[in-house]
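J.: predicted model, plus sequence, below.
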Amino acid sequence: MVEGRCSGGGKAVSVGIAEAKRDRSERRRGLLLALPSFAYMILFFAVPLIIVLVYSFATRTSTGSTSLSDWNLDAYRKLGEPIVRNVVLRSVVLALVTTAICLLVAYPFAWFCAHQRPVVRNMMLVAVMIPFWTNFLVRNYAWRLLLSSGGPISSFTEAIGLGETNILFTKTAVVIGLVYAYLPFMILPLFASIDRLDRRLVEAGRDLYGSGSQTFRRIVLPLTMPGVIAGSILVFVPSMGAYVTPELLGGGKETLLGSYIVTQFLTARNWPVGASLSFVLMAVMLVSTIIYFRSGGKNL
Amino acid sequence: MNAPNGSEEKVTVAVSLRGISKLFDDVTAVDSVDLDIDDGEFFALLGPSGCGKTTTLRMIAGLEIPSSGSLQIFGDEVGSLPPNKRPVNTVFQNYALFPHMSVADNVAFGLRMRKVEKSEIADRVAQAISLVRMSGMENRRPSQLSGGQQQRVALARALVNRPKVLLLDEPLAALDLKLRQEMQFELKQLQREVGITFVFVTHDQEEALALSDRIGVMNDGRLLQVGSPEEMYDAPADRFVADFIGRSNFLKGTLESSEVVCLANGQRISVPAVDVGSVGDDVQVSLRPERVMICDAGTAPEGMARLSGTVETETFLGNSVIYRVALDWMTVEVETDHRPDVERHHAGEHVDLWWRDDAVAVVRP
Amino acid sequence: MSQATNRRLPIWALRLNGSAVLLFLYAPIILLLVFSFSASRIPGQWGGFTTEWYATLFDDSRLQRTISVSVRVALISTVIATVLGTMSALALERFKFRGRRVFDALLYLPIIIPDVTMAVMMLMFFSQSFNLVEAVFGIAITKGFATIVISHVAFNIAFVSVVVRARIAGMDATLEQAASDLYATRWQAFRFVTLPLIAPGVLGGALLAVTLSLDDVVVTQFVAGPGSTTLPVYVFSLIRKGVTPTINAVSVIMLVASLILVAGSVGLQRANASRGRQQLQTTGGTS
């Protein structure tokens, strides 16, 4: 525990040699400790990232390989083309729909959770997290199974006379899959935010406004906004860049961003465009993260 | 900075600080402190939060390195040594007991680190634990102990290593009042039993007065005065010290000679001969409320320093009565014992205040 | 409408919503489990109980090879990532050094980066490096086991670091000072005080790394070589060709494996929490 700041006497006292030596050896220790991972991250993360950036300025040759000598912004210009714009738009819309659904479903759930006894509350939260921790691929596959024609949902609707349902390979299926994957990401921040809500404020609001909806709009919602923002970002951002879920449940009929990027590498062999898109996607993530931290998401 | 004690025996200096300063970035936390702490004494570093007392303690412990100055422990220069190479141990404010170890393992830690013989460790640990009266609790975890018990374990953990100096960083601050008073008594007993030097940091002046052989008051990084509790109380040299320890009225004035002060209202009073400045300097006369006598106007004894004023308020506190008396130029607080048979003075009465010449101290403003 | 009714109305709706959400979350998993035992050739239909699909797995050598690859990749990358991640966490939480801010920021990137981007950059990195090595040394390297491990470590270091950092930050910093005051060297203080106290965090981080490694599809797909696919990538390609009952069985096994890991992690979090409570009580009671 170090004493707080005192008003300085203003005397010019030279910094002791022993103190400086101890500082230096501390810094050296710290650097040595960090060096292996630092070096690893530079070599195997920062460098690859820079390579992507570099590639995004390269040119695609007619044979599909990449020429690193002609630098240009072609890859970025391609992003403005209708094909790409549609892909991005579709992804954004899908991500927004997913986020909205998650919000609508998660908020009451989080509210309910926050008002339970600690034992029940923790159990519910753990219950929410457990599926999230199971294998991601399997969870998507389960929906693939459920939604296929001949699958249980279809059999169920047949049984009650609604006929066969074939939700698989539609946008709905993708949304269901994304909501399923990222719902916990919305529930937890919302819960944290609601938990912090001072109950007395809600009571006061009820007194003041008389109706629940006004209390909600004017008091509860603004106060839980950090949770709403955090949850929304945590759902929107991965949904936008999702690959596995749209591939398995969407069938690739209408391409989304993740799949489009992958095809640039595997089939279209247009690495510069793939690179520029990846980079843009990452920039979006970065900006969202900054917004997340600025809006107090970290302090939830 | 030591008041000469005039005794014949040679006193060994346990901790010696010369010109010790500590800077953090641009802030001077400790400003050129000179201090000798004697072997076997219970020394308190007293001051408000942020005054540098804890930083000074940490420099003795080795948890901070001084920016400049020399620090010696029993004559050895240790200023640049890390804590694990110094013959001192610390009791931290939050006790810092290792939560994953039992009481016995906590106490044994220092001995184990120094690779003491296993059998010796067992003996010394048992001794230390019984010294702080925690026998029977060896296998408890810190989380199972009360605050007072944790503190005793922290003491045992430090003392078992037979350090030359024991440092205590506001060890009683986290305890409630009653427990704190008990522990104060225990600490004093302990120090007498063990006989080593205790350096004790606190912001509680009553605690410092009660426990210490000598007190060092710090403020703003500077060591203002060092002395026995009586010296600090009766003969403060600095306004801050007079104000921080106990309560005091301060009458502004100038030094006319080493024994006379000319007050701001023109009155001259005699003061005990002190060396707080030269003739003409601004000084303040520290007059403690309980040393001021109050009586009806005109009845003050002859030959005493006297001021006249009107009673502003009268506050009954059970065993004492506090009066605030308004003079032309300031208000003075007076404290008297409550005597049911004596008539109290009431608001609006004209009264005289008087005191014996040696009841005041002259301090630097 | 009375206050009472106003209040009661939401509660049953909330309960309904709560149950619906939990049902939504667990139904697919349960149904998958159920249908993996279905004898019907059509994966989503019930055709009587059977374990034949699980039996076929034992003969599927290709599958077993991918499982072996997955497990080995997970173990090796986790060990490396845990060691490096813990060292990073200690360095960032306990020391000041040049480049600290850059390092700190760098360690956040893998957490937020979309896996597609990560897959892309690792692919590009490897293809460039291999070209370089071939040009300079004349040796031709190809993607394979090593590239998968390298990529997994690259993102796992960050995750381990975050978990361990949280644990270190929650630890009383004065404990290490007390250890030093009690004659411990830096290494002794680490070994006897710091490490035991952050151990749950380190294990938690390791578990997280194992899970992420076993889960990974896109990155691995891009950096895997012809002879070394991991289980998820293999299953992924199978699913795209069509759903079969064997895939059901494989999925359930993967599910159970990850559930075991989850159980371990939850158990550790309990240990974490109770230690944390102990610590709170230990630090003097009041702040």
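T.: Structure received. Numbering: from 1, shown residues only, chains lettered A, B, ... in the order given.
J.: against chain C, how distant is residue A:137?
T.: Separation of residue A:137 from chain C (C-beta to the nearest C-beta, to the nearest Å): 5 Å. Any C-beta I mention is one placed from the backbone N, CA and C, and that applies to glycine too.
J.: ok, that residue - contacts?
T.: By C-beta atoms under 8 Å, 6 or more residues apart in numbering or on different chains, the residues touching residue A:137 are A:244, C:215, C:217, C:232, C:235, C:236, C:251, C:254.
J.: secondary structure element for it?
T.: helix A:136-147 (DSSP states H and E).
J.: for stretch B:180-199, what is the average pLDDT?
T.: Mean per-residue pLDDT for stretch B:180-199: 90.
J.: how about the CA coordinates for that stretch, as CSV?
T.: Provided in CSV are the C-alpha atoms of stretch B:180-199 (Å, rounded to 0.1, in the frame of the first residue of the first chain):
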residue,chain,number,x,y,z
ARG,B,180,-8.5,-2.3,19.2
GLN,B,181,-8.1,-1.3,22.8
GLU,B,182,-7.6,-4.8,23.9
MET,B,183,-5.0,-5.4,21.2
GLN,B,184,-3.2,-2.2,22.1
PHE,B,185,-2.7,-3.5,25.6
GLU,B,186,-1.6,-6.9,24.3
LEU,B,187,0.9,-5.3,21.8
LYS,B,188,2.5,-3.3,24.5
GLN,B,189,2.8,-6.4,26.7
LEU,B,190,4.2,-8.3,23.8
GLN,B,191,6.9,-5.8,23.1
ARG,B,192,8.0,-5.7,26.7
GLU,B,193,8.2,-9.5,26.7
VAL,B,194,10.0,-9.9,23.4
GLY,B,195,12.2,-6.8,24.0
ILE,B,196,12.9,-5.9,20.3
THR,B,197,12.3,-2.6,18.6
PHE,B,198,8.8,-2.1,17.4
VAL,B,199,8.2,0.6,14.7
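J.: so how far is the helix holding residue A:137 off the chain centroid?
T.: Computed by C-alpha atoms, centre = their mean, to the nearest Å, the chain-centroid distance of helix A:136-147 equals 20 Å.
J.: is chain A contacted by stretch C:109-129?
T.: Yes - using C-beta under 8 Å from any C-beta of the partner chain, we find that stretch C:109-129 touches chain A at C:109-110, C:112-117, C:119-125, C:128.
J.: which two among those residues are spaced furthest apart?
T.: C:112 and C:128 (24.0 Å; C-beta to C-beta).
J.: related to what we said a few turns ago, among the residues of stretch C:109-129 next to chain A, which ones are in helices?
T.: With helices taken from DSSP state H, the overlap with these comprises C:109-110, C:112, C:115-117, C:119-125, C:128.
J.: show me what the biggest helix by length in chain A is packed against.
T.: Longest helix in chain A, counting residues (DSSP H): helix A:82-114. Judged by 3 or more C-beta pairs under 8 Å, 6 or more residues apart in numbering or on different chains; DSSP states H and E, helix A:82-114 is in contact with helix A:118-133, helix A:171-195, helix A:225-240, helix A:257-266, helix C:3-35.
J.: residue C:36: what's it in contact with?
T.: If you count contacts by C-beta under 8 Å, 6+ apart, then residue C:36 has C:53, C:54, C:245, C:248, C:249, C:251, C:252 around it.
J.: residue A:177 too?
T.: A:140, A:143, A:245, A:246, A:248, A:249.
J.: closest to chain B out of those?
T.: In terms of C-beta to the nearest C-beta, no member of the contacts of residue A:177 lies closer to chain B than residue A:140, at 41.7 Å.
J.: near the closest one, how many other residues are there?
T.: 26 (other C-beta atoms under 10 Å in any protein chain shown).
J.: can you give me phi and psi for the closest residue in space to it that isn't next to it in sequence?
T.: Spatial nearest neighbour of residue A:140, excluding adjacent residues (C-beta to C-beta, 6 or more residues apart in numbering or on different chains): residue A:248 at 4.7 Å. Here is the backbone geometry of residue A:248 (degrees, to the nearest 10): phi -80, psi -40.
J.: and the average pLDDT for the helix holding residue A:137 is what?
T.: So the average pLDDT for helix A:136-147 ends up being 85.
J.: give me the number of residues near residue A:141?
T.: Neighbours around residue A:141, by other C-beta under 10 Å: 28.
J.: can stretch C:202-213 be said to contact chain A?
T.: Yes - applying C-beta under 8 Å from any C-beta, one finds stretch C:202-213 in contact with chain A at residue C:211.
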